[in-house]
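Asks: only geometry, no sequence info:
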């Protein structure tokens, strides 16, 4: 790391180096991008990092289902393309909610598209001008899985993410997933 901007950064960086070099410490990366980033910083630790190709997604829960039935259950349009966006904290700028709002704005008048938003949204007034969406606060995994399954496209606008689990959940549910080229999303 070239620049250490303050004491806290320096302290954290030194602690990371100490932990990484500690005997008996190993690392697991869940995608090649993450492994490459680790090796770029710690090339001498190549024998301490392992690639795990398996992801913690319950495939019995996140799976394709009858879209029409689920759309009726959640009172959503049956004959429209449904595009889903989700984030644990929608207001976290890294999740790209502003980008999502731009897309929503451009598609607001399209009669064949509807959006589903899943996540904590404190400032709901940001959505006042839009008509073609439905917002859901946090839901249990079973209901979240149903929202993925009733959607056609999952839109991941995360600007910084090593591999959003939401993409894997969406793909497992039979969706097309669109994402920015960041981190391990490509994999």
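Replies: Yes, it's here. Computed from a prediction, not measured in an experiment: that's the story for all the values here. Residues are numbered from 1 along each chain as shown.
Asks: Find the helix or strand that residue 68 is a member of.
Replies: helix 67-73 (DSSP states H and E).
Asks: Check which helices and strands the following helix or strand past that helix sits against.
Replies: Using DSSP H and E, the helix or strand that directly follows helix 67-73 along the chain is strand 81-89. For strand 81-89, the packing partners by 3 or more Cβ pairs under 8 Å, 6 or more residues apart in numbering; DSSP states H and E come out as helix 97-106, strand 113-120, helix 141-150, strand 153-156, helix 165-172. Where you see a C-beta, it was placed from the backbone N, CA and C, and this is true even at glycine.
Asks: do that again at 7 Å, thanks
Replies: With contacts taken as 3 or more Cβ pairs under 7 Å, 6 or more residues apart in numbering; DSSP states H and E, strand 81-89 sits against strand 113-120, helix 141-150, strand 153-156.
Asks: quick one: buried residues of it?
Replies: 82, 83, 84, 85, 86, 87 (16 or more other Cβ atoms under 10 Å).
Asks: tell me the contacts of the last one?
Replies: When the contact criterion is Cβ atoms under 7 Å, 6 or more residues apart in numbering, the partners of residue 87 are 95, 97, 119.
Asks: Look up the closest residue to the second one, ignoring the ones flanking it.
Replies: Pointing back at residue 97 there. Distance criterion Cβ to Cβ, 6 or more residues apart in numbering; nearest residue to residue 97, sequence neighbours excluded, is residue 90 at 4.9 Å.
Asks: so that neighbour touches residue 118, yeah?
Replies: No. Contact criterion Cβ atoms under 7 Å: residue 90 and residue 118 do not qualify, at 8.9 Å.
Asks: The residue most central in space within the chain and residue 19: what is the separation?
Replies: Geometric centre of the chain, nearest residue: residue 164, 3.6 Å, by Cα atoms, centre = their mean. Counting by Cβ to Cβ, to the nearest Å, the gap from residue 164 to residue 19 is 25 Å.
Asks: now the helices and strands packed on strand 81-89 as a markdown table including mean neighbour count, mean pLDDT and distance to residue 177?
Replies: Conversion of the helices and strands packed on strand 81-89 to a markdown table gives the following (neighbours: other Cβ atoms under 10 Å; pLDDT from 0 to 100; distance: least, Cβ to Cβ, whole Å):
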| stretch | mean neighbour count | mean pLDDT | distance to residue 177 |
| --- | --- | --- | --- |
| strand 113-120 | 21 | 89 | 14 |
| helix 141-150 | 20 | 94 | 10 |
| strand 153-156 | 22 | 93 | 5 |
